[in-house]
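[1] show me the folded form of this:
(one chain, ligands or ions: 1)
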Amino acid sequence: MNIKRIATLAGAAAALALASGCSSGGEAEAPAASIDPQTFTDSLFAVMSSDRAVYTQKVVNRLQNDEKVIKASEHFEDDKALPLPAQMFRFGSEMVSEKTDKFSYQLLSLWPINKQNAPKTDVEKKGLEFISANPGQNFYADEELGGKKYFTAVYADKAVAPACVTCHNGHKDTPKKDFKIGDTMGGVVIRVPVS
Ligand code: HEC
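    So this is what the prediction gives:
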């Protein structure tokens, strides 16, 4: 129990160091080499999902739906609006991919507004189906892509605020119009190369 807790804390520290782009050598990097891939992806997801929920609840939902000050829009630059939560997530993911090849992540769905966000590999599809059918559980698998081996984790992306549901259900490109608060709307796929 104690050992597991220590490993989890080490994982969280390493994930936080990576998530915040901290690359100062020495102590912050030491645990990264020794944590197992699942602890690593679980910790990354804790950071990603918290940031995502905070942006949706404290920025988008508050300013758009409650106080009606400013909208969120796909064309946020032209519309002088807020970026969508999914865009914020993708910008982060793109910036991370320029900084490290130790992991990569994406937001996908079986019911995507943007067809680019549909699952592409068998593991992605199986993972999204699993998290939809088994609320509260994550999906983990080994995957081989282009001759390289990966540990791939899929976590449920839930409708945490009314804005998630109203925007998706009302979007012209959505294949699903009956999302409810608390539903799994898609999944975060985190991939870690393993040797
Ligand atoms: C104001 C509208 C809006 C809000 C609010 C919003 N979304 Fe989205 N969401 C979109 C659009 C548009 C896309 C497609 C973005 C792109 O081009 O990749 C998207 C993408 C996604 C995707 C990737 C699959 C897809 O549909 O393309 C998921 C999963 C998702 N959103 C879940 C959520 C959740 C959960 C919330 C609340 C935390 C949320 N969204 C809030 C409009 C919205």
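[2] is the helix or strand encompassing Glu124 in proximity to the ligand?
    Element membership for Glu124 (DSSP states H and E) is helix 122-133. No: against the ligand, helix 122-133 shows no contacts by CB under 6 Å from any ligand atom, the least distance being 9.5 Å. (C-beta placed from N, C-alpha, C; glycine too.)
[3] okay, buried residues for that helix please.
    Neighbour counts using 16 or more other CB atoms under 10 Å place 123-124, 127-128, 130-132 of helix 122-133 among the buried residues.
[4] so which elements touch it?
    strand 139-145, strand 148-158, strand 184-193 (3 or more CB pairs under 8 Å, 6 or more residues apart in numbering; DSSP states H and E).
[5] that one vs strand 139-145, what angle?
    When axes from the mean of the first three to the mean of the last three CA atoms, to 10 degrees is applied, the directions of helix 122-133 and strand 139-145 differ by 170 degrees.
[6] which residues are in contact with helix 122-133?
    Here helix 122-133 makes contact (CB atoms under 8 Å, 6 or more residues apart in numbering) with 108-110, 119, 137-139, 141, 143, 152-156, 184, 186-187, 189.
[7] sort out which of those residues are buried, if you could.
    108-110, 119, 138-139, 141, 143, 152-156, 184, 186-187, 189.
[8] can you name the residues of this structure that neighbour the ligand?
    Counting by CB under 6 Å from any ligand atom, the chain sits next to the ligand at 56, 60, 72, 74, 84-86, 107, 109, 112-114, 117, 157, 159-161, 163-164, 167-168, 171, 185-186.
[9] report the spatially nearest residue to Ser73, omitting neighbours in sequence.
    Leaving aside its sequence neighbours, Ser73 sits nearest to Ala81 (CB to CB, 6 or more residues apart in numbering; 3.8 Å).
[10] run through this structure and note the low-pLDDT ranges.
    Applying pLDDT under 70 to the chain flags residues 1-33.
[11] which residues of the protein fall in helices?
    Counting by DSSP state H, one finds helices in the chain at the ranges 2-19, 37-54, 85-99, 122-133, 162-170.
[12] can you lay out those as a markdown table showing distance to Phe179?
    A markdown table is the format used below for the helices of the chain (distance: least, CB to CB, whole Å):
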| stretch | distance to Phe179 |
| --- | --- |
| helix 2-19 | 28 |
| helix 37-54 | 16 |
| helix 85-99 | 14 |
| helix 122-133 | 12 |
| helix 162-170 | 5 |
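[13] if we can go back for a sec, ok, which of the helices and strands packed on helix 122-133 comes nearest Gln38?
    strand 139-145 (6.0 Å; CB to CB).
[14] run the angle between that closest one and strand 184-193 for me.
    Relative orientation of strand 139-145 versus strand 184-193 (the same axes, to 10 degrees): 50 degrees.
[15] many thanks, I have nothing further to ask.
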